[in-house]
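# next input, structure requested:
(2 chains)
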2 protein chains.
Amino acid sequence: MSASLILYSYWRSSAAFRVRIALNLKGLRYETRPVHLVRDGGEQHSPDYVALNPLQLIPTLVDGDRVMTQSMAIAEYLDEIHPQPALLPTDAGGRARVRALAQIVGCDIHPLGNLRVLQRIGSQFNADDEQKGIWMRHWITMGFHALETMLASSKETGRYCHGDTPGLADLCLVPQVYNARRWRMALDDYPTIVRIDAACAELDAVTAAMPEQQPDAP
Amino acid sequence: MSASLILYSYWRSSAAFRVRIALNLKGLRYETRPVHLVRDGGEQHSPDYVALNPLQLIPTLVDGDRVMTQSMAIAEYLDEIHPQPALLPTDAGGRARVRALAQIVGCDIHPLGNLRVLQRIGSQFNADDEQKGIWMRHWITMGFHALETMLASSKETGRYCHGDTPGLADLCLVPQVYNARRWRMALDDYPTIVRIDAACAELDAVTAAMPEQQPDAP
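Okay, here's the model as predicted:
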């Protein structure tokens, strides 16, 4: 009964998707407040939302007086206030590995394909939809190639990215795979990623977090 | 005497700069192995380096058998194996705040201006140096505006980003300010950022980590 948790979310936002999986894995109840990223020029730019999140990005999590941004920071917060089930392993080396896998998605794939970046390559470079697709697939390909190599070559990889319990790396991976499919990317070169994504898709925590299941999905 | 710590670094890489500050704040000795990001098409693409870091980005930290990538994950690893002085506060809310400030830099500013992205807007959109500068300053401006707002409006901000000890947010901020100056950005709109950067510049851990002080600086 954490009725005080409020998630500002958009159904198709990868970063909000991550936090929804984290909340669900922890079994935490939360209220969804949709922020429509396109309608009316983008509700994330409204004064009320900017007051919560000056970077004008999704998501924001509010827990009582604490307003939190950045999905990976929020997931670690949830892991600290509700340690079980754990999103990170207990050993420092394993934690570094999980955080690195998460950050490959969170730093080096997703930010390059965020809505604001696609809008920017449109406005600054006149990129059309085809050019935007080429741009997107370029960065996802580079990131997935690295992730696949790291996952396939490590004995620490299990049913999920790290061992046999889902965690921080998985909750970043799943939305990125969803996003890659949306951009019609062939995933044949990434069998380990596809296998882990399929394992995650069997979890109620993941299915309930899927974009199509959100109250603001069309 | 942690002679086993090896940092694959490039003098001007923001992400390597972050890890150098973290290592220095912890008082950890390390060996620098320079990876030249431009020479010979970029040594980060050499087979030997790709075997360590499949994403072909800087830095990589090696601690014995453990090969680690992603600067923020590495900094947290160092904080866990050498807890003092701490890079994060002890309370979950404060930790979430510091990680969010770090991730604004590490996810939403720096990855958009990384060398590989500048090369890509050149190759895909024929961006020239002037266009690259406009692109860089756009993303730094958006990120710094958010950071300045968050820092200036919070009682948790002290001499540094969070209280009066330097930590994870500061070691991300300093290289980004260095980078902004390199792109000749006016910083008048960000007095809190400039003040914190100046406080950091008085730390030996920061001065020793500056790009110009590195063995591979020209």
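# quick check: end-to-end length of stretch A:208-218?
End-to-end span of stretch A:208-218 (CA to CA, to the nearest Å): 16 Å.
# and that stretch, how far out from the chain middle?
How far stretch A:208-218 lies from its chain's middle: 14 Å, per CA atoms, centre = their mean, to the nearest Å.
# how about residues contacting it?
A:9-12, A:17, A:20-21, A:23-24, A:32, A:34, A:36, A:178, A:207 (CB atoms under 8 Å, 6 or more residues apart in numbering or on different chains). To be clear about C-beta, it is placed using only N, CA and C from the backbone, and glycine gets the same treatment.
# mind checking which of the residues you listed land in helices?
Applying DSSP state H to the contacts of stretch A:208-218, the entries found in helices are A:17, A:20-21, A:23-24, A:178, A:207.
# export the residues you listed as CSV, with columns for pLDDT and distance to chain B.
CSV is the format used below for the ones in helices among the contacts of stretch A:208-218 (pLDDT from 0 to 100; distance: CB to the nearest CB, whole Å):
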residue, pLDDT, distance to chain B
A:17, 98, 15
A:20, 98, 17
A:21, 98, 17
A:23, 98, 14
A:24, 98, 19
A:178, 98, 19
A:207, 98, 26
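# which pair in these spans the largest distance?
Pairwise distances across the ones in helices among the contacts of stretch A:208-218 (CB to CB) peak at 17.2 Å, for the pair A:23 and A:178.
# more crowded one of those two?
Shown here are residue A:23 and residue A:178; by other CB atoms under 10 Å in any protein chain shown, residue A:23 has more neighbours (25 against 17).
# quick one, what contacts the more buried one?
Counting by CB under 8 Å, 6+ apart, the residues that residue A:23 touches are A:5, A:7, A:30, A:78, A:209.
# how many neighbours does the third one have?
The reference is to residue A:30. 21.
# test my guess that it contacts residue A:16.
No: judged on CB atoms under 8 Å, residue A:30 makes no contact with residue A:16 at a distance of 11.3 Å.
# coming back round to it: buried subset of the contacts of stretch A:208-218?
A:9-12, A:17, A:20-21, A:23-24, A:32, A:34, A:178 (16 or more other CB atoms under 10 Å in any protein chain shown).
# in chain A, which spans are helices?
Using DSSP H, helices in chain A cover A:14-26, A:47-52, A:71-81, A:92-108, A:110-113, A:115-125, A:129-152, A:168-182, A:191-201, A:204-207.
# tell me which residues are up against the last one.
Which is helix A:204-207. The set of residues external to helix A:204-207 that reach it, using CB under 8 Å, 6+ apart, is A:21, A:24-25, A:166, A:174, A:200-201, A:213.
# widest-spaced pair of the residues you listed?
It's A:166 and A:213 that sit farthest apart of the contacts of helix A:204-207, by CB to CB, at 17.5 Å.
# more neighbours, these two?
More crowded of residue A:166 and residue A:213, by other CB under 10 Å: residue A:166, with 25 against 11.
# that one and residue A:200, how far apart?
Residue A:166 sits 6 Å away from residue A:200, going by CB to CB, to the nearest Å.
# so what's in contact with these two at the same time?
A:160, A:206.
# and for residue A:190, the neighbour number?
23.
# could you find the closest non-adjacent residue to it?
residue A:148 (4.5 Å; CB to CB, 6 or more residues apart in numbering or on different chains).
# hmm, the one you found is touching residue A:189, no?
Yes: counting by CB under 8 Å, residue A:148 does reach residue A:189; the two are 6.9 Å apart.
# ends of stretch A:84-95, what's the gap?
15 Å.
# mean confidence for that stretch?
Mean pLDDT, computed over stretch A:84-95, is 98.
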